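Undergrad: Fold the following and give me the result.
(2 chains)
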Amino acid sequence: MIRFDYARPGDVAEAVRDGAGDHVAYLAGGTNLIDLMKENVARPLEVVDINRLPLAQITDLDDGSLRLGALATNADTAYDERVQARYPLLASAILAGASPQLRNAATNGGNLNQRTRCYYFYDVDTPCNKRVPGQGCGAIGGVNRIHAILGASDQCIATHPSDMCVALAALKAQVQVTGPEGDRTIAFADYHRLPGDEPWRDNTLKRGELVTAIDLPAEDFSTNYTYLKLRDRLSYAFALVSAAVAMRLEGDRIADVRIALGGVAHKPWRRIEAEEAIKNERPSDTVFDTAARALLAGAIGQGDNSFKIELARKAIIRALGQAAAGTPQSQTDKRIR
Amino acid sequence: MNDAVTIDRATASRVASRRIETLPLSLAINGEARELQVEPWTTLLDLLRDKLDLTGTKKGCDHGQCGACTVLVDGKRINSCLKLAVTLDGAEITTIEGLGQPGELHPLQAAFIEHDAFQCGYCTPGQICSAQGLINEGHAKDRQDVREQMSGNLCRCGAYTNIADAVLEVMEKQS
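TA: Alright, predicted model coming up:
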């Protein structure tokens, strides 16, 4: 691990001051950053330990939304009674990810800012445009079973590894950030970005900005929802494909639906037109397939990962069916029904 | 961090020649108050093993993938390999040495022996600390929950079914 200066600010304003400058990393739970530092992928010259900032609370806001502090742990969030009752999709997605030990340490802000698990990004002896701009991409034409089928570029085919973020995309969360230029709110769909020709930029944070909270809107998706995660082993593995569905039924019709995919792109993958295409329809596999095909239009396999296209189509259909039936996927009993 | 990682030669040299400064750290380790000085890049795992000679906590993968380094921090289980010690100032740490002693085994240690829940034993301290964390958390209700909530601890000898038996037995007695 590289040697670094260490700062431990006591409040947000001090943290933002400490966070200004080159080669600075904010440290929260550390479950991803410390690992990347051991691998020499992350080499910050200054580490700003933000664990003393007062950002670990989960609080009700006046407009009925729920604010998740950036430093609340993934475990405290998933088991929070309000999250379990009002946002079970989020609780389910969090519990589908990582391990209990990691969820006890990892924070909500850190979950958003975790980096890809692309093998080439992690291995400093191989080329990676995300790690070193202009170096090339080892995954394109290389071993790419876990890589993107949507939204990739000719410079990067990495995926975002989070489960939590897939649910946050479906729930249309808002990310609260602060920084040298003040506070702002970023819609979840605009928080992460596609690689394009700047694959080293995972998100739209500006230099020195810090996530302070994630707000969940007051909308009710607590009955018809699911988080369906498909992976190489039943627990403690990243998604090959995952689908988060939040649905609202009126009578026998789909009044509202959100579908977000994990494991397929550089960010949680949503397309409004796929959702619009099945609104006001009666739930059926044929209708669900329409949404799946719209969501996956233009998908490109890289060889090893080409199976993901058909796997994703089937996962979307199954997840929409689980949501419509009000039978969300259990994260303990992994049998898919 | 959202920057490409590129460090020029002059910066690399400045980093390499940096004077090592230690920081004060107060921890309660297995019930004993300790006043320590640590380098900021020291992980809790390396502090326990290399500085404090508490070698019951094992270094397996050192990347948060195996669970051999699991300890309890303020009663909650974490991977000690992914936690900088300096970030834990004021915390209570419990390692396998704090759970049981020779001749005075923790109920989980006794159950692991009773159920033949290990072969080589390398993962066992982490398994037992993790199991105590699972019991503290109180989210497991049955065997399937135990299997899922112990999934952060790998056992390459493959003693999983017996580990689940041991944990389940102690969990049911303690609840």
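
Undergrad: Does chain A have contacts with the host helix or strand of B:L45?
TA: For B:L45, the element it lies in under DSSP states H and E is helix B:44-46. No: on the criterion CB under 8 Å from any CB of the partner chain, helix B:44-46 is out of touch with chain A, staying 10.1 Å away. Quick note: C-beta positions are derived from backbone N, CA and C, even for glycine.

Undergrad: who's in contact with the helix or strand just after that helix?
TA: As assigned by DSSP H and E, the chain's next helix or strand after helix B:44-46 is strand B:70-73. Contacts with strand B:70-73, where a contact means CB atoms under 8 Å, 6 or more residues apart in numbering or on different chains, come from A:101, B:44, B:48, B:57, B:77-80, B:83, B:88, B:91-95, B:125-127, B:129-130, B:132-133, B:136, B:152-153.

Undergrad: count of neighbours near residue 39?
TA: Because you didn't say which chain, this covers chain A. Number of residues near A:E39 (other CB atoms under 10 Å in any protein chain shown) recorded here: 15.

Undergrad: looking at chain B here, not the other one
TA: 16.

Undergrad: Show the average pLDDT along the helix holding B:L45.
TA: Across helix B:44-46, pLDDT averages out at 98.

Undergrad: Which single residue in chain B comes nearest to chain A?
TA: B:G152 (2.6 Å; CB to the nearest CB).

Undergrad: so who does that residue touch?
TA: B:G152 neighbours (CB under 8 Å, 6+ apart): A:A98, A:S99, A:P100, A:Q101, A:L102, A:Y236, B:G67, B:T70, B:N79, B:S130.

Undergrad: Among those residues, name the ones in strands.
TA: B:T70, B:N79 (DSSP state E).

Undergrad: Looking at the contacts of B:G152, which is nearest B:A33?
TA: B:A33 lies nearest to B:T70 out of the contacts of B:G152, by CB to CB, at 22.8 Å.

Undergrad: Okay, now the unreliable bits of chain B?
TA: Counting by pLDDT under 70, chain B has low-confidence residues at B:1-20.

Undergrad: Centre-most residue in it?
TA: B:T70 (2.0 Å; CA atoms, centre = their mean).

Undergrad: Please apply the same query to chain A.
TA: A:C165 (2.6 Å).

Undergrad: Neighbours of the closest residue to chain B within the stretch 51-200 of chain A, how many?
TA: Among all residues of the stretch 51-200 of chain A, A:S99 sits closest to chain B, at 2.6 Å; criterion: CB to the nearest CB. Using other CB under 10 Å, A:S99 has 26 neighbouring residues.

Undergrad: How much space separates it from A:L89?
TA: Applying CB to CB, to the nearest Å, the value for A:S99 to A:L89 is 21 Å.

Undergrad: Return the list of helices and strands in contact with the helix ranked longest in chain A.
TA: Ranked by residue count under DSSP state H, the longest helix found in chain A is helix A:307-325. For helix A:307-325, the packing partners by 3 or more CB pairs under 8 Å, 6 or more residues apart in numbering or on different chains; DSSP states H and E come out as strand A:224-230, strand A:241-250, strand A:253-262, helix A:285-296.

Undergrad: Distance to A:P195, mean pLDDT and mean neighbour count added to these, as a markdown table?
TA: Listed next are these as a markdown table, based on distance: least, CB to CB, whole Å; pLDDT from 0 to 100; neighbours: other CB atoms under 10 Å in any protein chain shown:
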| stretch | distance to A:P195 | mean pLDDT | mean neighbour count |
| --- | --- | --- | --- |
| strand A:224-230 | 23 | 98 | 26 |
| strand A:241-250 | 19 | 98 | 25 |
| strand A:253-262 | 16 | 98 | 23 |
| helix A:285-296 | 19 | 98 | 19 |
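
Undergrad: ok, now which ones touch residue 30?
TA: All of this refers to chain A. Contact analysis of A:G30 by CB under 8 Å, 6+ apart lists A:A105, A:G110, B:L82, B:K83, B:L84, B:T87.

Undergrad: Oops, wrong one, chain B.
TA: B:L54, B:I93, B:T94, B:T95, B:E97, B:G98.
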